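Q: next come a sequence and a model predicted from it.
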Amino acid sequence: MRSGLRNLLLLVGPGLLLLAGCGGRMSANPTNAAFSITPGTAAIDTNCTGCNATGSVSGSYLQFAATLTGGGAAPVFWTVDGGDAVSGAGSINQSGQYTPPSYLTADRVEVVVTATLETGLRASSKLTVTPGFLQPLTPENVALGANGSVTVTGTLAEAGGTAEIHFALSGTTTGAVGTLSASSCQRGNQAFTTCSATYTAPAAVTTTAVTYVDATVSESATTGVSSKATAMLLVNAAGMTSNPASHQGQLPAVVTMGSSGGNNTDYDTQGNKIVDCCSGTLGALVRGPGGREYLLSNNHILARSDHASVGDTIVQPGLIDNSCTPLGNGTGIEAVASLTSWLPLRSRQTNVDAAIAQVTSRSVDLTGSILELGAKQGDGTLAAAPPGISSTGGRGEQASLSLKVAKSGRTTGLTCGGVSAVDLTVNVDYYLDCAETKAYLTKTFTHQIGLSGNQFSDSGDSGALVVDAATAEPVGLYFAGGRDAAGVSQGVANPAPEVLNELNAQLGGSYSYVGGSDHAVSCLSYGDNTLAQAQMRTLVAGEQQRAQQAQTQARMLVNPAAGILGVGVGKSNDHPGKATVILYTDERMTATTPATIGGVRTMVIPTTARALQYGTTPQTPQEAGGTQLSSAALAQAISIKGQVTTGLMKRNAAFFGVGVGQSLDNPREAALVVYVDRRQLPAQLPATAEGLRIRYVVMDRLHVTRSYATAQPARRHCGLSGMWKKP
């Protein structure tokens, strides 16, 4: 999965001095007697905000087209000129795909894109490029109690110049928003611009609610471009404080799990120069043959996706949190383990992404404690604690649908979410380099766990142990994820028992999780926007009319004696943007309802005749109360999933994952959970398969999500530059 998080360092090259952009105003004419180009003018930022196209691998770009006066594509050659005096004009390929420079040395620069015929006749377009964010706001999420405060910082892709970040608060109607200080910026000719503002929670917090710090960089008066980033603040009545920053630096005492870490050689070079690096999370402690302790994380975190060497040094924090400076070249980093073995990704005999490293440092906490997994302390912070192993003897537990889970990771810290899919078959992309420009392989994993929740995970959390929030028992090893179209974190974890089974089978001996007595986790949940965003979606063309026609047909089903009280028209939660026929059913009965009527999905809302009469029925099935799937319904769905998965994924490359979950249109029914590439979204998506409802998760393709940082600015694709990739 490709998340938009960037984690760049703030230092820039020594040659980046007080240099202006291109200087002077540049002219352009997008039309001539033979052909014209579009867009004729445009404004974008270095993040490609304002770009009009996305690629399957390379991220966002601005697509240009040349059209002959009489119609048809003009056979032109594309070039770019102007741009930034240091970072250049960006690049354009011969398909007309333009990518802006990764950073600027001025508040705005002008770029001219030119299309030329073989005859020499030209047309050109003028672009205005402004700085975008180098990374998400830091922290991107934090939990605070009453009067708690946090400084939120944003970094611009600009060295020199005068641009600044504007901060503002927004929140829900269920809780106080708090206050925000004025913005303060630091600028330099050899450093990226950073701006900060301090948020303070209300003096009294009676209801837990999310508040947002929205940051914008706008040139709207001249370009209309407004780059935006957001931090999510969980202002909670319990008075808990949790900041992911505590997971990212060098730990002052013993090294606990849930912290930043990785292979000391996990960096890319150009010549003898390190240009970027990547890391993830030290997930858990396991005990192996002879009672030896090992750090457990992903193969792609500790073993560089099959390309490390036995004995490689594992460090804490990871290189991304130490300015891409390996051990031995500076301070702020510590050797904690020696890479022992990994389960090869290329092997067809492996079905997990895992590696182990024998503990070598006396500073590692051998109780297996994980940051923030324990109880709230007197100052509101959360104590470290081992995972629970007393129920399973250190073997881990099997995940179940809707199970509330927690994880403690490098990037988002301690967060809680839910199991949204089981028996998940999923394709995950791996790369040879941190910048993800060199593909390694795409591996198909089976019987995996799907996870979801606002801010549950992000790049750099790869390797984190996922635990049952009620017992802290290991449930899975997080290794890939991303954000869906609703902005909800979607993650994938290897089942915790299967990780140990494969270590035992592939490496020999017996491995178990190190931990203590089962205990509850002080859960920090940022909610889940899936339903709210689905109900906010505008219906696609013709949907309302189709639903109204189906509603007429549905009225034939109304029969209070059979448990169907009435019908209506609504919006689907399983397929946002599609309409539904609502079937209002008697909450005291189990009515038989079809998944579709006249080709339109149905939504089933339990209610009463009185509520229907007075217009007080629930708006969604979830408001009518939680529903657990029966074991028979789940087993039948898993059987159907086994029959249709191969056909679905082979027939359409846009489907990169299929699992079993709960329908959001009728929670009493199971559903196939199908993950769809948003960049290859098919025009038609079926509502059912073999009579089973289908719920769609639309997002970028999954890739492993270790965080990735650049040591200094380089000319990169806007969709890759500084993005954290690979778990």
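A: Now that the structure is in, tell me what you want to look at. This one's a predicted model, so the numbers in the text were calculated from it and none came from an experiment.
Q: quick check: bridge partners of the residue nearest the centre of the chain?
A: Closest to where the C-alpha atoms of the chain average out (CA atoms, centre = their mean) is Gly482, at 2.7 Å. For Gly482, the beta-bridge partners are Gln490 (DSSP bridges).
Q: correct me, but it touches Val488?
A: No. With contact defined as CB atoms under 8 Å, Gly482 does not reach Val488; the gap is 9.9 Å. All C-beta atoms are positioned from the backbone trio N, CA, C, and that covers glycine.
Q: what ranges does the stretch 601-727 of the chain have for its strands?
A: Along the stretch 601-727 of the chain, the stretches classed as strands by DSSP state E, counting those that start in this stretch are 655-662, 670-677, 688-689, 692-699, 703-704, 707-710.
Q: mean pLDDT for the ones you listed: which is lowest?
A: For the strands of the stretch 601-727 of the chain, mean pLDDT drops lowest on strand 707-710, to a mean of 56.
Q: what about the longest strand in the protein?
A: In the chain, taking DSSP state E as the definition, the longest strand is strand 413-431.
Q: out of the strands of the stretch 601-727 of the chain, deepest packed?
A: Highest mean neighbour count among the strands of the stretch 601-727 of the chain (mean count of other CB atoms under 10 Å): strand 707-710, with a mean of 30.
Q: from Ile301, how far off is the residue nearest to the centre of the chain?
A: Distance, Gly482 to Ile301, by CB to CB, to the nearest Å: 17 Å.
Q: make sure Ile370 is actually in contact with Gly258.
A: Yes. Using CB under 8 Å, Ile370 is in contact with Gly258, at 4.4 Å.
Q: what sits in contact with each of these two?
A: 384, 408, 465 (CB atoms under 8 Å, 6 or more residues apart in numbering).
Q: quick one: the first one and Asp365 touch, right?
A: Yes. Counting by CB under 8 Å, Asp365 is a contact partner of Ala384 at 7.4 Å.
Q: and these two? Which one has more around it.
A: It is Ala384, of Ala384 and Asp365, that has more neighbours when counted by other CB atoms under 10 Å, with 21 against 18.
Q: now for the spatially closest residue to the more buried one that is not a sequence neighbour, how many residues are close by?
A: Spatial nearest neighbour of Ala384, chain neighbours left out: Ser369 (4.3 Å); criterion: CB to CB, 6 or more residues apart in numbering. By the criterion of other CB under 10 Å, Ser369 has 23 neighbours.
Q: tell me the spacing between Ala480 and Tyr675.
A: In terms of CB to CB, Ala480 sits 11 Å off from Tyr675.
Q: quick check: neighbours shared by these two?
A: By CB under 8 Å, 6+ apart, the residues touching both Ala480 and Tyr675 are 426, 702.
Q: so where's this protein shaky on pLDDT?
A: Across the chain, the ranges flagged by pLDDT under 70 are 1-26, 56-58, 172-176, 219-225, 624-626, 705-727.
Q: if we use 80, what do you get?
A: Scanning the chain for pLDDT under 80 picks out the ranges 1-27, 54-59, 171-176, 190, 218-226, 623-627, 703-727.
Q: pop the domain breakdown of it in here.
A: 35-130, 141-246, 248-367, 538-575+579-624 (automatic domain parsing).
Q: did I read that right, Ile320 in a helix?
A: Yes. Assessed with DSSP: H, G, I helix; E, B strand; the rest coil, Ile320 lies in a helix.
Q: doesn't Cys277 make contact with it?
A: Yes. The pair Ile320 and Cys277 passes the contact test of CB under 8 Å, sitting 5.8 Å apart.
Q: what is the burial count for Ala520?
A: Neighbour tally, Ala520, other CB under 10 Å: 14.
Q: find the helix or strand that it is a member of.
A: Following DSSP states H and E, one finds Ala520 outside all helices and strands.
Q: ok, Glu372 next?
A: Assigning secondary structure by DSSP H and E places Glu372 outside every helix and strand.
Q: just to revisit the earlier point, of the domains of the chain, which stretch is the most buried?
A: The stretch of those with the highest mean neighbour count (mean count of other CB under 10 Å) is domain 248-367, at a mean of 21.
Q: chain center to that domain, what's the gap?
A: 22 Å (CA atoms, centre = their mean, to the nearest Å).
Q: span of that domain from start to end?
A: 21 Å (CA to CA, to the nearest Å).
Q: contact partners for the closest residue to Gln636 other than its chain neighbours?
A: Once flanking residues are discounted, Gln636 sits nearest to Ala670: 7.2 Å by CB to CB, 6+ apart. Residues in contact with Ala670 (CB under 8 Å, 6+ apart) are 629, 633-634, 636-637, 660-663, 692-693.
Q: thank you, goodbye.
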